[in-house]
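Participant: here is a sequence with its predicted model. Questions after.
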Amino acid sequence: MKGLEVLFDQMEKDGSTKLKKFLKDAKVKYDIATVDFMENPGVKWSELLNLRALKNAVKLDVFKSVEKDVAKRFSSQKARAILNFPVLFLGEMPSRIPSLYTLMNYVDLELGTWYPEGGMNALSAALVKIAQKEGVEVYTNSEIKKFNVKAGKIESIEIGNDSIPTEEIIASADYHFVEQNLVPKEFRRYDSKYWNSRKLAPSCLIYYVGVSKKVSGLLHHNLFFDEDLNAHGKEIYENPKWPEKPLFYVCAPSTTDKTVAPEGYENLFFLMPIATEIEDTEAIREKYFQLMLNRVEKHTGTSFTDSIIYKRSYAINDFAKDYNAYKGNAYGLANTLRQTANLKPKITSKLKNLHYCGQLTVPGPGIPPALISGKVVAKQILKNYEKTV
Ligand SMILES: Cc1cc2nc3c(=O)[nH]c(=O)nc-3n(C[C@H](O)[C@H](O)[C@H](O)COP(=O)(O)OP(=O)(O)OC[C@H]3O[C@@H](n4cnc5c(N)ncnc54)[C@H](O)[C@@H]3O)c2cc1C
């Protein structure tokens, strides 16, 4: 935080004092949301009707926007952009996301940005290890093609040529895909009109890049804020198109983790948020790669174009093809007030033994919420068993 406080003092008068107060208020929201709301299954309105939660709800600032909250406290455009930026991934302009979500600033800036050594895959590998220790059999690269339904229950699922009998199913793949493709029509809770009316979080353009030399001037996390946040936000949410002057993020994990690149090499990851449902071709991707590359080279003062030995792009079409992601989204549903808590697609299904978890249901997008979602469903299933015993 020290460096950030110095930066905020440079950007405006009493910047660091204002930042501390802002993060103190964000912590209040974080504490309330995690204790009172985060693990609610969102199946009954009465979940929200406990007195403490109601009293605390007032402090969550759900009717004030992030933009308004930030603008009231900070006068410099740079400070405002830094604090509004995380919200860009939540699925709406900062002017339409409830100030509740400034809790993300608290998480980023106070609790810290954590990196699992070995990269994100290390997290999945660790979860698999724990599950296997508990006797779980894990199938990978195995697409579920069909639910076999009898008397309102899924009797078995089909994976490749195998048919596996089932007792309880927790579907963590894209909710829309499971509901509209695997669940028979008469057991769907939502129709295509419902799904079409949902506001989605953005997709993104990613480039995985290997460089055969070190790129000085890059940190592990690098945010390129050198263009207008508002203009880019509008090109994602209001007038969906490829952005004129995008903001983007570059991760250089090889600056801190020796396992992700050979010595003297750099492992880079470029990420630019974009709208879902826009044209996605290799030529457009390449145009934006060059644009980002130029800005990184300019900023770092290091030219490395000629040292790129690996390059792979990933965007909307890949999310849809590889993950069955609805409209090629990368971050699930937008976190607008109308799509929060009990207003999200339900974790329960009309099929007796089917349950949903993951980023399109409660509590929402992000790895911690997606994991919490699994915990919420597991508790709900255990509760059902207790009732029947
Ligand atoms: C580039 C990027 C950066 C991100 N950075 C962060 C971050 O820093 N911090 C953070 O908290 N969150 C981050 N997120 C968001 C986070 O990754 C997601 O919110 C989270 O992974 C969602 O988890 P999930 O289980 O709902 O879905 P997923 O992780 O998409 O998992 C669903 C799985 O279901 C599988 N599947 C789909 N259909 C089938 C089928 N028919 N049969 C079998 N399997 C199927 C898919 O292949 C996939 O593996 C990021 C996301 C992206 C795209």
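Facilitator: That came in fine, so what should we check first?
Participant: contact residues of the stretch 51-200 of the chain facing the ligand?
Facilitator: 143, 144, 172, 173, 174, 177 (C-beta under 6 Å from any ligand atom). Yep, even glycine has a C-beta here, placed from its N, CA and C like the rest.
Participant: highest neighbour count among those residues?
Facilitator: Within these, neighbour counts (other C-beta atoms under 10 Å) peak at residue 174, which reaches 22 neighbours.
Participant: picking that back up, which two among the residues of the stretch 51-200 of the chain next to the ligand are spaced furthest apart?
Facilitator: Pairwise distances across these (C-beta to C-beta) peak at 13.7 Å, for the pair 143 and 172.
Participant: in strands, which of the residues of the stretch 51-200 of the chain next to the ligand fall?
Facilitator: Residues of those located in strands (DSSP state E): residue 144.
Participant: got a markdown table for the residues of the stretch 51-200 of the chain next to the ligand, with distance to residue 354 and pLDDT too?
Facilitator: Output for those, formatted as a markdown table (distance: C-beta to C-beta, whole Å; pLDDT from 0 to 100):
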| residue | distance to residue 354 | pLDDT |
| --- | --- | --- |
| 143 | 17 | 94 |
| 144 | 12 | 96 |
| 172 | 12 | 96 |
| 173 | 12 | 97 |
| 174 | 15 | 97 |
| 177 | 14 | 98 |
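Participant: the residue in the chain positioned nearest to the ligand is in what secondary structure piece?
Facilitator: Distances between the chain and the ligand by C-beta to the nearest ligand atom are smallest at residue 358, namely 2.6 Å. Following DSSP states H and E, there is no helix or strand that holds residue 358.
Participant: so who does it touch?
Facilitator: Counting by C-beta atoms under 8 Å, 6 or more residues apart in numbering, residue 358 touches 171, 172, 173, 174, 175, 332, 370, 373, 374.
Participant: got JSON lines for these, with distance to residue 350 too?
Facilitator: As requested, the contacts of residue 358 are exported to JSON lines (distance: C-beta to C-beta, whole Å):
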{"residue": "171", "distance to residue 350": "13"}
{"residue": "172", "distance to residue 350": "19"}
{"residue": "173", "distance to residue 350": "18"}
{"residue": "174", "distance to residue 350": "18"}
{"residue": "175", "distance to residue 350": "14"}
{"residue": "332", "distance to residue 350": "22"}
{"residue": "370", "distance to residue 350": "23"}
{"residue": "373", "distance to residue 350": "19"}
{"residue": "374", "distance to residue 350": "21"}
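Participant: among those residues, which one sits closest to residue 72?
Facilitator: Nearest to residue 72 among these, with distances taken as C-beta to C-beta, is residue 332, at 29.1 Å.
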